[in-house]
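*Asks:* Any chance you could fold what I've pasted below:
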Amino acid sequence: MAIIPEVDLPIATGIGVFFQFLGGAIFLGIAENIFVSGLKDALAKYAPDLDAGVIVRAGAIGLQKVVEKDDIPRVVLAYSDAIMGVFYLGIAGGVLAFFFSFGMKWASVKGKQVTSAA
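*Replies:* Model (predicted):
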């Protein structure tokens, strides 16, 4: 109500929710690609004797079923290395959002009375 007229409030809310879900869906796909490719690279570095495709298909839950007990620390290290790329994506998204927020209109809502319909 401070910036958007009351008649446009439902449309603005709908657009905001749409882009919130769209951003989440897009970043989820990007994060998954970063994680899987990073995991394959890290497995080649830390556990070159293991099949990276089998480990990726098994996932974190099925890891103990496809990996020997002695190899699990090396695979966990590869998982740790791969997840760092996803964390960097989250940091980059936060930094971009911070800088894009400077393009938004800043308005004070102090002193404005909101009247209730009830």
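*Asks:* Past the lowest-mean-pLDDT helix or strand in the chain, which element shows up next along the chain?
*Replies:* Least confident helix or strand of the chain, by mean pLDDT, DSSP states H and E, is helix 63-66 with a mean of 89. Going down the chain from helix 63-66, the next helix or strand is helix 72-100, by DSSP states H and E.
*Asks:* average pLDDT for that next one?
*Replies:* Helix 72-100 comes out with an average pLDDT of 94.
*Asks:* If you count neighbours, what's buried in that helix?
*Replies:* For helix 72-100, the neighbour count (16 or more other C-beta atoms under 10 Å) marks 74, 75, 78, 79, 81, 82, 83, 85, 86, 89 as buried. Glycine gets a C-beta too; all of them are placed from N, C-alpha and C.
*Asks:* who are the neighbours in contact with the first one?
*Replies:* Contact partners of residue 74, counting by C-beta atoms under 8 Å, 6 or more residues apart in numbering, are 46, 47, 50.
*Asks:* same check, this time on the second one
*Replies:* When the contact criterion is C-beta under 8 Å, 6+ apart, the partners of residue 75 are 43, 46, 47, 50, 55, 63, 67.
*Asks:* farthest-separated two in those residues?
*Replies:* Across the contacts of residue 75, the longest distance by C-beta to C-beta is 13.8 Å; it joins 46 and 63.
*Asks:* Mind naming the longest helix for this protein?
*Replies:* Longest helix in the chain, counting residues (DSSP state H): helix 9-46.
*Asks:* Give the buried residues for that one.
*Replies:* For helix 9-46, the neighbour count (16+ other C-beta under 10 Å) marks 31, 34, 35, 38, 39, 40, 42, 43, 46 as buried.
*Asks:* Check stretch 61-75 too.
*Replies:* Under the neighbour-count criterion of 16+ other C-beta under 10 Å, stretch 61-75 has 67, 71, 74, 75 buried.
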